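Asks: Dropping the sequence and predicted coords here.
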Amino acid sequence: MKKNFLFIIFLLVIISCDYNPCNEVLPEGCIFPKIYWIKFYPEKVKIGDTVTIIYEKENKETVEGLNYNTDFEVTSAGEMKYVGNYSEISLNYPNEESRITKGFTCICPEKNSEENGIEVTHFISLTEQLTSSAKSKIIELKFKIPENARSGYVWTIDPMHFAKGGCFSDEKLIIVDENGNEITE
């Protein structure tokens with residue numbers, strides 16, 4: 001199983017590209033880390049099923065000290081919570097009071113539009129791994145398909161909201177009902 005996962009990571013790194021339409025610039029002139037691409041599996045799911053998304057994210061200096069493997073945990077309610085030390089990272093997290101991070105992953109009916117997207121609210125895990133070049137990180141995020149979800153494109157940003165532009169999957173996640181019919185509305 002581990003060999004299969006590493007093989008998938010290797011393939012995804014090979015097909016990644018340098019162009020990133022998901023990049024935004026901070027007002028101070030600091031550039032957000034790029035998200036190069038998003039892939040997910042399985043391609044067809046039912047409400048309540050688990051989906052794994054894998055994305056490649058630029059390993060930027062602005063987030064030095066942030067470790068996805070130790071600085072985040074999933075609560076018993078399935079919420080993603082930042083448990084790291086704010087003083088160890090170079091940017092302040094905007095929601096310091098609750099440390100619950102929300103609105104960073106959605107399933108959207110149209111590619112390149114977050115409008116009418118269904119927010120993912122039940123997470124299972126978040127892990128990171130540096131690529132061989134150490135210029136980027138591979139992030140793996142697992143979540144459950146929400147009750148009101150319908151087929152669409154997976155959109156995500158960094159859980160700390162550093163990559164504010166976000167990025168959409170190229171492929172559409174197909175959500176089906178108990179009879180196997182696609183849910184579109």
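Replies: Arrived safely, thanks for sending.
Asks: List the contacts of the closest residue to residue 120 other than its chain neighbours.
Replies: Leaving aside its chain neighbours, residue 120 sits nearest to residue 105 (4.3 Å; criterion: C-beta to C-beta, 6 or more residues apart in numbering). All C-beta atoms are positioned from the backbone trio N, CA, C, and that covers glycine. When contacts are counted by C-beta atoms under 8 Å, 6 or more residues apart in numbering, residue 105 touches 53, 119, 120, 141, 143, 154, 155, 156, 157.
Asks: let's go with 7 Å and repeat that
Replies: By C-beta atoms under 7 Å, 6 or more residues apart in numbering, residue 105 lies in contact with 120, 141, 143, 156.
Asks: With residue 51 instead?
Replies: Residue 51 makes contact with 40, 45, 143, 145, 173, according to C-beta under 7 Å, 6+ apart.
Asks: Now render the contacts of residue 105 as JSON lines, adding distance to residue 109, pLDDT and neighbour count.
Replies: Output for the contacts of residue 105, formatted as JSON lines (distance: C-beta to C-beta, whole Å; pLDDT from 0 to 100; neighbours: other C-beta atoms under 10 Å):
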{"residue": "120", "distance to residue 109": "15", "pLDDT": "94", "neighbour count": "25"}
{"residue": "141", "distance to residue 109": "20", "pLDDT": "94", "neighbour count": "26"}
{"residue": "143", "distance to residue 109": "18", "pLDDT": "96", "neighbour count": "25"}
{"residue": "156", "distance to residue 109": "16", "pLDDT": "90", "neighbour count": "24"}
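Asks: Among these, which are located in strands?
Replies: The members of those that map onto strands under DSSP state E are 141, 143, 156.
Asks: of those, closest to residue 183?
Replies: residue 143 (16.9 Å; C-beta to C-beta).
Asks: Show me the beta-bridge partners of the closest one.
Replies: residue 51, residue 123 (DSSP bridges).
Asks: thought residue 142 was touching residue 52?
Replies: Yes: if you go by C-beta atoms under 7 Å, residue 142 and residue 52 touch, sitting 5.0 Å apart.
Asks: any low-confidence regions in this protein?
Replies: Along the chain, the parts satisfying pLDDT under 70 run over 1-31, 61-65, 86-98, 161-165.
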